[in-house]
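A.B. asks: Could you work out the structure for the sequence below:
(2 chains)
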Amino acid sequence: MIAISDLAFHFPHSDFCLAVPSLRIASAERVAIIGPSGSGKTTLLHLISGILLPSRGTIRVQDRELNGLSDAALRAFRVARIGLVFQSFELVSYLDVFENILLPYRLNSALRLGPEVVRRAEQLAQATGIAQRLRYFPHRLSQGEKQRVAICRAMLPEPPLLLADEPTGNLDPSSKQRVVDLLFQQVKRTGATLLMVTHDTEIAARFPRVLNCRDFAAGGTP
Amino acid sequence: MKNVLLLALHYLRFNKIKTLILVFSIAVTLFLPLAVNLLVRDYQRDLLARASATPLVAGAPGSRLDLVLHALYFRGKPAHDLTMGDVDSINASGLALGIPIIGKHTARGFAIVGTSLEYFDFRGLHVARGAGLTRLGDCVLGAAAAHKLKLQPGEQLMSDAENVFDLAGSYPLNLLVKGILAATGTADDNAIFVDVKTEWLILGIIHGHQEAATADPSLLISRDGSNITANAAMLPFQEVTTSNVTLFHMHGDPAGYPVSAIIALPRDDKSAAILRGRYQEPKSQVQLLVPETVVSETLDLVFRVKRFFDAQALLVGMAMAFLLTLVVLLSLRLRRGEMETMFKIGCARTTILYLLAAEIAIVVALGIAVAVALSWIVVVNFRLSSPRAGVQRPVAGVQRSTNAKKRVAVVNYPLQFFTKRIAGDRVEVFFPVPREEDPAFWKPRDKDIEEYQRADLILLNGAEYEKWLPTTVLPLTKQVVTSQMFADRYVKNGEVVTHSHGPQGTHSHGLIDFNTWMDPKQAALQAQSIHEQLVRLVPDGKKDFDANLKALQKDLAEIDAALGTASATLGSSPLLGSHPVYGYTARRYGWNLKCVHWEPDEMPPDEEWQKLEQLHREHRSKIMIWEEEPLPAIAERLRKMGIEAVAFETCASEPVKGDYITAMKSNAARLAAATAKLR
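C.D. replies: Numbers count the residues shown, from 1 in each chain, chains lettered A, B, ... in the order given. Got it, this is the predicted structure:
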């Protein structure tokens, strides 16, 4: 599913450097990425999603090498294959819950918004327990509800790869577990691969595989 | 693109207050210059259109713009007036048609415009409901004025009081709404039109009040013979009604009455040039303007000022554009996270730009729409008039040419007879007075007045003959006074006597004898005047008219000769008349005539007989002439006094037998027979 070799990345005008000599993640695998702040967890997700491009090395996702792709091709790749869930949810404040879920379809001409998609969005809302909040604006939602909306938005196009960047970081303990349950349910239902960045070792413990970014810094292959 | 617009609308709807502030800011910035430009363009178009449709405007020396705005738009008042004599002067010049405009009053805020019927022809104004002006005190409303005042034909409208503290000043007049004009989209829509005489009535120059001669003595300051001075307690009538209409009167010469402007419609360019030349003297009491020139000059000044305004508006617009840019940039900073999220989930940066552009475009479009809407409201409410302001009937419309037979209206039988004798059947003669009524005291109905208005020529006798004329509305330029040639030689009666007889009821003979045609020489002059007008009206008929006039003059000369012969026998012998209607005949033939006020069909009371006996002792006449054969009892009693009653018809109405010529010849024959007995 994901194959990284001899990866190096550093931000301009910064001492930070992320190096991943080798990493392979299988299809439908659920992987937690842990590590201290500044160890490059989010950077790794951005590199895998094509938002950032490596300074060196290669990243292959579903047999597609990202290095040589143009901006448009990378965007098309992201739209077609990746779902993103963020720590601060990143909901659009002026759209209601339903429109936030449909947002990828509103913004990408590659995605066709038809009755089938609308029906799927309603099913997702039902499944994630926010069906009663579809006409609410984000400021009226609890943190857990916001994250569920974000998950619905990420899952609506049914991407084969779901990248979650500390989705439980702003949640209370009970909500954390429910969000992880929800993510597991969704990737199980669609057969997607899940990579989730977290600081929480209890949450990480629920994943079959855990990667520690500190190990990359040490130059190993976790 | 549909989705981008949808998202933009979501954003703007969610941020309602911000959106409204932005829209309002843009609208306010655009509204003022837009409204001003539209108004100025509208004003320019309307002013120029109406100005160019009005060839010349005359007024007293003073502000040229005030005069033009007053004459064309009924706004403001020129500082000084002209007189009706100036209108007559323009009309008499033959160079142009002069239409008087007098606007000194308002009614519930709308300008009252006194004018003549020619104005309606000139502007192409038509009555949509009701009827046109027919009498003193009538008004017709412009369509917008009627709508705003919620008035219908038949209702009344009081003119606004000028000064509530001036008890002896002019009082408001209760106008009768006779009709509503069809909308024209011009300044005429907002005016209240009255006849020029009605405006003089509001001014107090014409007035009506109870008969001073029969008034309560407490209302009189002095009574010196026929000269009666009333005090301010004798209030003028505030409404013209059928019962008081005959009590309205004017003092002085109407030629001296004020008009505030004159619209002059020259016959052609040459006439316009000559007319303008006449009033170009620096000391002329009349300025004659070409409205188009005045309006163009004014507009040039307006546009010079407007350029400064435009520059200022541009600077304000630029400042507003900078501020809006700043607002958008600050907004973008606040929305950076949202933009990043969109990019991360696969949105192209160009789509994000489109989204922002759509938001800005919608706000700007709404701002422009609001500015346009506000400007439209302002333009509709503050424009001078509508886009049809300049659409006028061509000047030629004043003198309508038609193949139909021309219509000549007359006011008494002699004029009817002379007209028919001269014109034959080449014109249609309208004379509505029934034979049994004396035309001098006849009162026209509305439909009679309308018929007179429709005539191509209105032949008046003059010498205060048409008692109904001052209280009716007729086209100025169609009226011709046939006795004008000898107006300086009208015979004056000694006193005013009021009495009652016949269907016309109570009436009085004024100071001027109006039976001008009773002198065949004067009748010939009146016939000549009619001939001139007929030739002007039907130029093709000149040859026939000339021949017919010659034949008529021959008949009149025969009457003159016959009367001269009969009068020669009479010499300076005393002669009595039953009525003061023979003043001109007496003057022509040197009669020593004294008259009473008797009617042939009413036996005078003893008191009158005693007066006659008294008169007869001083004035030993053996002949008393009557308008027709008196009652046998009267004739018999006169015979006993040694006086023979001789019928001498005035012919004001059509004779029962024959016509004017035969009747006058019969008069001469009867007089000759009576005088023969004097030898």
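A.B. asks: Quick one: residues contacting residue A:127.
C.D. replies: By CB atoms under 8 Å, 6 or more residues apart in numbering or on different chains, the contact list for residue A:127 reads A:185-186. (Each C-beta comes from the backbone N, C-alpha and C, glycine too.)
A.B. asks: any weak-confidence spans in chain A?
C.D. replies: Low-confidence segments of chain A, defined by pLDDT under 70: A:217-222.
A.B. asks: So which bits of chain A are right by chain B?
C.D. replies: Within reach of chain B by CB under 8 Å from any CB of the partner chain, chain A has these residues: A:49, A:51, A:72, A:75-76, A:78-79, A:84, A:86, A:88, A:90, A:92-95, A:99, A:103-110, A:113, A:137, A:153-154.
A.B. asks: which of the residues you listed count as buried?
C.D. replies: A:49, A:51, A:75-76, A:78-79, A:84, A:86, A:88, A:90, A:92, A:94-95, A:99, A:103-108, A:137, A:153-154 (16 or more other CB atoms under 10 Å in any protein chain shown).
A.B. asks: Residue numbers of chain B in contact with chain A?
C.D. replies: Residues of chain B lying near chain A (CB under 8 Å from any CB): B:3-4, B:6-7, B:10-11, B:13-15, B:337-338, B:340-348, B:351.
A.B. asks: Of these, grab the buried ones for PyMOL.
C.D. replies: Applying 16+ other CB under 10 Å to these, the buried members can be selected in PyMOL as follows:
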select buried, chain B and resi 3+4+7+10+11+15+338+341+342+343+344+345+346+347+348+351
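A.B. asks: Counting only helices, which of the residues of chain B next to chain A make the cut?
C.D. replies: B:3-4, B:6-7, B:10-11, B:13-14, B:337-338, B:340-344, B:351 (DSSP state H).
A.B. asks: Pick the one among the residues you listed closest to residue B:201.
C.D. replies: The closest of those to residue B:201 turns out to be residue B:13 (CB to CB; 64.1 Å).
A.B. asks: Give the helix, strand or coil label for the residue most central in space within chain A.
C.D. replies: Centroid-nearest residue in chain A, with CA atoms, centre = their mean: residue A:163, separated by 2.0 Å. Following DSSP: H, G, I helix; E, B strand; the rest coil, residue A:163 is assigned to strand.
A.B. asks: isn't it right next to residue A:45, touching?
C.D. replies: Yes - assessed by CB atoms under 8 Å, residue A:163 is found in contact with residue A:45 at 4.7 Å.
A.B. asks: which neighbours do the two share?
C.D. replies: With CB under 8 Å, 6+ apart as the test, residue A:163 and residue A:45 both reach A:84, A:195.
A.B. asks: hang on, the earlier thing: next step: the buried ones among the residues of chain A next to chain B restricted to strands.
C.D. replies: If you go by DSSP state E, these have residue A:84 in strands.
A.B. asks: out of the buried ones among the residues of chain A next to chain B, which are inside helices?
C.D. replies: A:49, A:75-76, A:78-79, A:99, A:103-107, A:153-154.
A.B. asks: close enough to count as contact, residue B:574 and residue B:625?
C.D. replies: No - contact status for residue B:574 versus residue B:625: not in contact, 12.0 Å apart, counting by CB under 8 Å.
A.B. asks: Settle it for me: which of the two has more neighbours?
C.D. replies: Taking other CB atoms under 10 Å in any protein chain shown, residue B:574 and residue B:625 do not tie; residue B:625 has more neighbours (27 against 17).
A.B. asks: got the contact list for the more buried one?
C.D. replies: Counting by CB under 8 Å, 6+ apart, residue B:625 has contacts B:575-578, B:582, B:646-648, B:671.
A.B. asks: and if we set it to 6 Å?
C.D. replies: B:577, B:646, B:648 (CB atoms under 6 Å, 6 or more residues apart in numbering or on different chains).
A.B. asks: just to revisit the earlier point, nearest to residue B:608 among the ones in helices among the residues of chain B next to chain A?
C.D. replies: residue B:13 (99.5 Å).
A.B. asks: And the pLDDT at that closest one?
C.D. replies: pLDDT for residue B:13: 93.
A.B. asks: Residue B:384 too?
C.D. replies: 60.
A.B. asks: what do you get for residue B:50?
C.D. replies: 89.
A.B. asks: How about the one 10 residues further on?
C.D. replies: Reading off the per-residue confidence, residue B:60 sits at a pLDDT of 94.
A.B. asks: That one: what's it in contact with?
C.D. replies: B:78, B:80-82.
A.B. asks: So residue B:664 is in contact with residue B:557, correct?
C.D. replies: No - Residue B:664 lies out of contact with residue B:557 (CB atoms under 6 Å); the separation is 11.7 Å.
A.B. asks: higher neighbour count, these two?
C.D. replies: Using other CB under 10 Å as the criterion, residue B:664 and residue B:557 rank with residue B:664 on top: 29 against 13.
A.B. asks: Can you tell me what sits against the longest helix seen in chain A?
C.D. replies: Assignment by DSSP H gives helix A:173-190 as the longest helix of chain A. Helix A:173-190 has contacts (CB under 6 Å, 6+ apart) with A:128, A:144, A:147, A:151, A:155, A:158, A:162, A:167-168, A:194, A:203.
A.B. asks: Ok, stretch B:647-656 next?
C.D. replies: Contacts of stretch B:647-656 (CB under 6 Å, 6+ apart): B:412-414, B:435, B:438-439, B:515, B:581, B:625-629, B:660, B:663, B:667.
A.B. asks: and those residues, which of them are in helices?
C.D. replies: B:413-414, B:660, B:663, B:667.
A.B. asks: give me phi/psi at residue 18?
C.D. replies: Using chain A. phi -110, psi 130 (degrees, to the nearest 10).
A.B. asks: Actually, chain B is the one I wanted.
C.D. replies: Taking degrees, to the nearest 10 as the convention, residue B:18 sits at phi -60, psi -40.
A.B. asks: For chain A, what's the nearest residue on the stretch 401-550 of chain B?
C.D. replies: The stretch 401-550 of chain B approaches chain A most closely through residue B:473 (70.7 Å), counting by CB to the nearest CB.
A.B. asks: Neighbours of that residue, how many?
C.D. replies: Using other CB under 10 Å, residue B:473 has 25 neighbouring residues.
A.B. asks: Ok, the one 5 residues further on next?
C.D. replies: When neighbours are counted by other CB under 10 Å, residue B:478 registers 21.
A.B. asks: just residue B:672 next, same as before
C.D. replies: As a measure of burial, residue B:672 has 17 neighbours, counting by other CB under 10 Å.
A.B. asks: Ok, residue B:93 next?
C.D. replies: Residue B:93 has 16 nearby residues by other CB under 10 Å.
A.B. asks: right, and residue B:371 touches residue B:28 too?
C.D. replies: No - using CB under 6 Å, residue B:371 makes no contact with residue B:28, being 7.7 Å away.
A.B. asks: higher neighbour count, these two?
C.D. replies: More neighbours surround residue B:371 than the other of residue B:371 and residue B:28, with 22 against 15 (other CB under 10 Å).
A.B. asks: What segments of the stretch 351-500 of chain B are strands?
C.D. replies: B:406-410, B:427-430, B:457-460, B:479-481, B:497-500 (DSSP state E, counting those that start in this stretch).
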